[in-house]
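**Q** Everything below, folded, please.
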Amino acid sequence: MRLIPLCDMKKGEEAVIKKLETKGDLRQRLMDIGFVEGTKVKCVRISPLGDPKAYLVRGAVIALRKEDAATVLGVEEL
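**A** So this is what the prediction gives:
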């Protein structure tokens, strides 16, 4: 099982969140908006400059900056 940070996902790729590598307020905020272990995530949009990227999580589209998305690790769906 290879863990990848969400920031490395390409448009259309899906993953299941396995780990959050952040602490404190950012960790709580990510969990509040749906980035919790076991949740399926799909990269649906990438800004023209590549940052931020938008992810479909539990029916909502959420944009994350690269530095924040790098702290969310997932396993690629086959």
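
**Q** Okay, helices next: where are they in the protein?
**A** 24-32, 66-69 (DSSP state H).

**Q** what are the ranges of the strands in this structure?
**A** With strands called from DSSP state E, the chain shows them at 3-5, 14-20, 40-46, 53-57, 60-64, 72-76.

**Q** Could you dump these into CSV and include mean pLDDT?
**A** Converted to CSV, the strands of the chain look like this (pLDDT from 0 to 100):
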stretch, mean pLDDT
strand 3-5, 91
strand 14-20, 94
strand 40-46, 96
strand 53-57, 96
strand 60-64, 96
strand 72-76, 88
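
**Q** For Pro52, see how far away Arg58 is.
**A** 18 Å (Cβ to Cβ, to the nearest Å). The C-beta positions use only the backbone N, C-alpha and C, and glycine is treated the same way.

**Q** Point out the most buried one among the helices of the chain.
**A** Neighbour counts (mean count of other Cβ atoms under 10 Å) averaged over each of the helices of the chain peak at helix 66-69, with a mean of 16.

**Q** Show me which of Arg58 and Pro52 is the more surrounded one.
**A** For Arg58 versus Pro52, the count of surrounding residues by other Cβ atoms under 10 Å is larger for Pro52: 18 against 12.

**Q** what does the model give the more buried one for pLDDT?
**A** As predicted, Pro52 sits at a pLDDT of 95.

**Q** Please shift the residue numbers so they start at 118 in all later answers.
**A** Sure, I'll start numbering at 118, so the last one becomes Pro169.

**Q** That one is in contact with Ile179, isn't it?
**A** No. In this structure, Pro169 is not within contact of Ile179 by Cβ atoms under 8 Å, at 9.5 Å.

**Q** residues in contact with Ser164?
**A** If a contact means Cβ atoms under 8 Å, 6 or more residues apart in numbering, then Ser164 has Lys170 as its contacts.

**Q** please redo it, this time with the cut-off set to 10 Å
**A** Applying Cβ atoms under 10 Å, 6 or more residues apart in numbering to Ser164 gives the contacts 170-171, 180.

**Q** Quick check: neighbours shared by Pro169 and Ile179?
**A** The contact lists of Pro169 and Ile179 share Ala186, where a contact means Cβ under 10 Å, 6+ apart.
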